[in-house]
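K.L.:
pasting a predicted model and its sequence here:
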Amino acid sequence: MNYVIIIISAIFVNNIVLAKFLGICPFIGVSNKVETAIGMTGAVTFVMVIATIVTYLLQYYILIPFGIAFMQTITFILVIAALVQMVELILKKVSPALYQALGIFLPLITTNCAILGVAILTIQNDYNLIESVVFSVANAIGFGMALLIFSGIREQLELVDVPESMRGVPIAFIIAGLLAMAFMGFTGVV
Amino acid sequence: MNQWKNFNKGFFRENAVFVLFLGLCPTLGVTTSVINGIGMGLATTFVLLMSNIVVTLAKSFIPDKVRIPSFIVIIASFVTVVELLMQAYLPGLFNELGLFIPLIVVNCLVLGRAEAFASKNTFTSSVFDALGMGFGFTMALFFLGGVREILGSGSFLGFKFISGDGILLFILAPGAFIALGYLIMIMNKINKKTA
């Protein structure tokens, strides 16, 4: 039951993009086309789940026992940067097709605040290992869903006659605002 | 003269938030009030300044291949410094900003300036660049925080000037997106006129 609450809360009520404001850069940057949005979602899901597991183990088996929890930020970001590099290398070797699809998005992920944000939130929420995995998967789904809906709307938006100074990013933000308003309807579900 | 240019470009021509669209997550996340916006802006400015200084001084020692991880370590160190200082001396602000303080590390603005400017330019230019970019970022947060606080809770810097509540929407998530969208639009208009 607990897991269901974590999943629904992470996907709908506290959506990582629309309610927590994490991962806005890719949300605005790569949401022009549905296709790129799918690629980005795949890469983010991959790295987010692995990064959450690794940082969880590091926090509880190295940082806390040795009393160096203040090194959290430095450790986590290094782990994420290393992971991204590693995932890139492994994918290139093991599955060139997947690498082709995700390739260009992987370097961008190091500076995606959603990854570091979820890793830190997992620690702050005192989840155990299984809950952390569930939490990170749910957040990745939430990110993907927001990105897909948004890119679908933006593809349609290209056909619309928008006032000149509103074109591009400003109108995208207003659409995101409306989308966030729609997601507010889920408040109180959990 | 040249340094003045490095300094003032961060405000309008290359404003991090309104023109380059960098560092949007903290911009939207913390600007429920003016004071939070300024706090976040100054914390980011400090990290930006210190990391620009260290990067520009160390640029000849850092091998080209590992420069990005090295920059990230430098930035993360200063973020930890800010985190600890804020926790000790400004616990109220620390709690309000919460998650977004460690997330200064992944603010694309900081890494972007280290990579694109400080690793290629002299010490003085890097300092002015960091200050200009940082204050430009703070200005953007100030405006967005101002709009959201005035409309959302009918106050400015904590002084209430209406009785009752404001438009609650602007304090919540959707208001952040919509307010920023309109601010970018206004900025587009201004930049087009002066260009």
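P.N.:
The structure has been received and is ready for your questions. Numbers count the residues shown, from 1 in each chain, chains lettered A, B, ... in the order given.
K.L.:
which SS class is the most far-flung residue of chain B relative to its centre?
P.N.:
Most distant residue from the mean C-alpha position of chain B: residue B:163, 32.0 Å away (CA atoms, centre = their mean). Assigned with DSSP: H, G, I helix; E, B strand; the rest coil, residue B:163 falls in the coil class.
K.L.:
just the helices in chain A please.
P.N.:
A:2-8, A:24-29, A:34-58, A:72-94, A:96-102, A:106-109, A:113-124, A:129-157, A:169-184 (DSSP state H).
K.L.:
for chain B, which of the ones you listed is the nearest?
P.N.:
Among these, the nearest to chain B by CB to the nearest CB is helix A:169-184 (3.2 Å). (Each C-beta comes from the backbone N, C-alpha and C, glycine too.)
K.L.:
and the closest one, which residues are buried?
P.N.:
Of all the residues in helix A:169-184, those buried under the rule 16 or more other CB atoms under 10 Å in any protein chain shown are A:169-177, A:179-181, A:183-184.
K.L.:
of those, which pair is most distant in space?
P.N.:
Using CB to CB, these span at most 22.5 Å, a distance reached by A:169 and A:184.
K.L.:
now the residue nearest to the spatial centre of chain B: how far from residue B:41?
P.N.:
Nearest to the geometric centre of chain B sits residue B:137, at 3.8 Å (CA atoms, centre = their mean). According to CB to CB, to the nearest Å, residue B:137 and residue B:41 sit 6 Å apart.
K.L.:
ditto for residue B:88
P.N.:
For residue B:88 relative to residue B:41 (CB to CB), the value is 20 Å.
K.L.:
pLDDT below threshold where in chain A?
P.N.:
A:1, A:101-104, A:190 (pLDDT under 70).
K.L.:
tell me the contacts of the residue minimising distance to the centre of it?
P.N.:
Centroid-nearest residue in chain A: residue A:114, 4.3 Å away (criterion: CA atoms, centre = their mean). Residue A:114 makes contacts with A:16-17, A:22-23, A:26, A:44, A:48, A:139, A:143, as judged by CB atoms under 8 Å, 6 or more residues apart in numbering or on different chains.
K.L.:
can you pick the most crowded of those?
P.N.:
residue A:139 (33 neighbours; other CB atoms under 10 Å in any protein chain shown).
K.L.:
now that residue: how far from residue B:14?
P.N.:
Residue A:139 is 33 Å from residue B:14, by CB to CB.
K.L.:
got it, and residue A:143?
P.N.:
29 Å.
K.L.:
biggest helix in chain B by residues?
P.N.:
Max-length helix for chain B by DSSP H is helix B:123-153.
K.L.:
quick check: mean pLDDT across the next helix or strand after that one?
P.N.:
Downstream of helix B:123-153, the first helix or strand assigned by DSSP states H and E is strand B:155-156. Mean pLDDT, computed over strand B:155-156, is 82.
K.L.:
which strands and helices sit next to the longest helix of chain B?
P.N.:
helix B:2-8, helix B:24-30, helix B:34-58, helix B:108-113, strand B:155-156, helix B:173-194 (3 or more CB pairs under 8 Å, 6 or more residues apart in numbering or on different chains; DSSP states H and E).
K.L.:
any idea of the mean pLDDT in stretch B:93-104?
P.N.:
Rounded mean pLDDT across stretch B:93-104 is 87.
K.L.:
hmm, that stretch touching chain A?
P.N.:
Yes - using CB under 8 Å from any CB of the partner chain, stretch B:93-104 reaches chain A at B:99, B:102-103.
K.L.:
likewise for stretch B:159-178?
P.N.:
Yes - for stretch B:159-178, a contact with chain A is found by CB under 8 Å from any CB, at B:169, B:172-178.
K.L.:
how far off centre is that stretch?
P.N.:
In terms of CA atoms, centre = their mean, to the nearest Å, the centre of stretch B:159-178 is set 22 Å apart from its chain centre.
K.L.:
hang on, the earlier thing: among the residues of stretch B:93-104 next to chain A, which are in helices?
P.N.:
Per DSSP H, those never map to helices.
K.L.:
look up how far residue B:180 lies from residue B:75.
P.N.:
Counting by CB to CB - residue B:75 and residue B:180 are separated by 24 Å.
K.L.:
can you check residue A:142 too?
P.N.:
Residue A:142 is 21 Å from residue B:180, by CB to CB.
K.L.:
same check on residue A:42?
P.N.:
28 Å.
K.L.:
tell me which of the helices of chain A sits nearest to residue B:133.
P.N.:
helix A:24-29 (16.6 Å).
K.L.:
ok and the longest helix of chain B relative to helix B:34-58, angle-wise?
P.N.:
160 degrees (axes from the mean of the first three to the mean of the last three CA atoms, to 10 degrees).
K.L.:
the closest residue to residue A:165 other than its chain neighbours: how many residues sit nearby?
P.N.:
Among residues not flanking residue A:165 along the chain, residue B:188 sits closest, at 4.2 Å (CB to CB, 6 or more residues apart in numbering or on different chains). Counted with other CB under 10 Å, residues neighbouring residue B:188 total 19.
K.L.:
residue B:188 contacts residue A:162, correct?
P.N.:
No - using CB atoms under 8 Å, residue B:188 is not in contact with residue A:162; the gap is 11.9 Å.
K.L.:
residue contacts, the closest residue in space to residue B:150 that isn't next to it in sequence?
P.N.:
Nearest non-adjacent residue to residue B:150, counting by CB to CB, 6+ apart: residue B:156, 5.8 Å away. Shown in contact with residue B:156 (CB under 8 Å, 6+ apart): B:34, B:146, B:149-150.
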